[in-house]
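S.K.: Generate a structure from the sequence data that follows.
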Amino acid sequence: MNIWTNGCYDILHVGHLKLFEFAKNLRGRRNRLMVGIDSDKRVKELKGGDRPINNQEDRKRMLEALKVVDEVFIYDSAEELAQLIKDSKTDYMVVGEEYRDKWVVGRENSKHDVVFFPKDSNSTTNILNKI
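M.R.: Below you'll find the predicted structure:
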């Protein structure tokens, strides 16, 4: 099965790894995990001028180095994200539980409904606040 997840992944942490492992093994299968990352421009729009900490090429390279991730895509807009999900023939999308009552970009392009990953105490925002 093709599984999709996406986000900024600005500073990788164990919460990201847990999400990727959950998605990779969804439904008890060894799936193909595709990860979308927000472009630098999009991160600035979503998170503010101080972000991203790591540029899109470095973030992409870090994700590609993880054995749990099969392919990484960079997108610049919600429309481009939705098209990537459609083009990748996504079976399931995995997103954080905090999106349960929110609009999920590309949801309509997934063969099955969205799967929600339980909220983890790890977050990039918490890491940045500690620094």
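S.K.: Now tell me which helix or strand of this structure has the poorest mean pLDDT.
M.R.: Lowest by mean pLDDT, DSSP states H and E among the helices and strands of the chain is helix 124-130, with a mean of 66.
S.K.: And the nearest residue to residue 42 once chain neighbours are set aside, how close does it get to residue 5?
M.R.: Distances taken as Cβ to Cβ, 6 or more residues apart in numbering place residue 76 nearest to residue 42, at 5.8 Å, with adjacent residues excluded. Quick note: C-beta positions are derived from backbone N, CA and C, even for glycine. According to Cβ to Cβ, to the nearest Å, residue 76 stands 18 Å off from residue 5.
S.K.: more neighbours, the two?
M.R.: Legend: neighbour count by other Cβ atoms under 10 Å for residue 76 and residue 5, higher for residue 5 (24 against 14).
S.K.: Spell out, range by range, the strands that occur in this structure.
M.R.: Listed in chain order, the strands of the chain (DSSP state E) span 2-7, 32-38, 71-75, 92-96, 115-117.
S.K.: just checking, what packs against the longest one?
M.R.: This points to strand 32-38. Judged by 3 or more Cβ pairs under 8 Å, 6 or more residues apart in numbering; DSSP states H and E, the packing partners of strand 32-38 are strand 2-7, helix 14-24, helix 56-64, strand 71-75, helix 78-87.
S.K.: In JSON lines: those, plus distance to residue 44 and mean pLDDT.
M.R.: Converted to JSON lines, those look like this (distance: least, Cβ to Cβ, whole Å; pLDDT from 0 to 100):
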{"stretch": "strand 2-7", "distance to residue 44": "15", "mean pLDDT": "97"}
{"stretch": "helix 14-24", "distance to residue 44": "20", "mean pLDDT": "95"}
{"stretch": "helix 56-64", "distance to residue 44": "11", "mean pLDDT": "98"}
{"stretch": "strand 71-75", "distance to residue 44": "14", "mean pLDDT": "98"}
{"stretch": "helix 78-87", "distance to residue 44": "15", "mean pLDDT": "97"}
